[in-house]
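Student: Provide a 3D model corresponding to the input given below.
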Amino acid sequence: MADTLKNAFFHLDHTHAAAGATVTPTATDMVRTLLAVTICNRSAVNHTIDVRVVDAGGSNTFQIIKGATLPAKSTFEHTDKIILEEDCELQLNLGDSATGSGAQNNFDVVIAMLEQDL
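Tutor: As a prediction, the model looks like this:
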């Protein structure tokens, strides 16, 4: 069993952020322990964020964060460990698809994780 510490980096614009981006799909032969999820709102307006885990079959969604406000030009950190078992994934929904002056959803996401082979 190999243990590997990794960082994953994502930039989400208003198209991907509102649609619900899958940021950490887990392969069938591994388990991922998410150590920290950092979300930076680079836009000039406040947005709400949802973070959820979707199970292997995609039929069950489990909310971790629902409707939290992320103020303009600020950062949110989730530092509780999240374990993603085989074929589970972490999904982010960051704001809405509004466009216009200062309303674009531009987010940077950094996820620190430990990957373990089964």
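
Student: hey, let's count contacts and neighbours off CA atoms from now on
Tutor: OK.

Student: ok, and the closest non-adjacent residue to the residue nearest the centre of the chain?
Tutor: Here the mean C-alpha position of the chain is nearest to the C-alpha of Leu92 (Cα atoms, centre = their mean), at a distance of 4.2 Å. Once its chain neighbours are removed from consideration, Leu92 has its nearest residue in Val51; the separation is 4.8 Å (Cα to Cα, 6 or more residues apart in numbering).

Student: Please apply the same query to Asn106.
Tutor: When the adjacent residues along the chain are set aside, Asn106 lies closest to Asp13, with 4.6 Å between them (Cα to Cα, 6+ apart).

Student: And for Asn60?
Tutor: Val54 (5.8 Å).

Student: How much space separates the one you found from Gly67?
Tutor: 17 Å (Cα to Cα, to the nearest Å).

Student: Which one's more surrounded, these two?
Tutor: Between Val54 and Gly67, counted using other Cα atoms under 10 Å, the more crowded position is Val54 (19 against 13).

Student: So what sits opposite that one in the bridge?
Tutor: Thr61, Glu89 (DSSP bridges).

Student: isn't it right up against Ile64?
Tutor: No - using Cα atoms under 8 Å, Val54 is not in contact with Ile64, being 10.6 Å away.

Student: and after the worst-scoring helix or strand of the chain on mean pLDDT, which helix or strand comes next?
Tutor: Within the chain, confidence by mean pLDDT, DSSP states H and E is lowest for helix 14-19 among all helices and strands, at a mean of 57. Past helix 14-19, further along toward the C-terminus, the next helix or strand under DSSP states H and E is strand 21-22.
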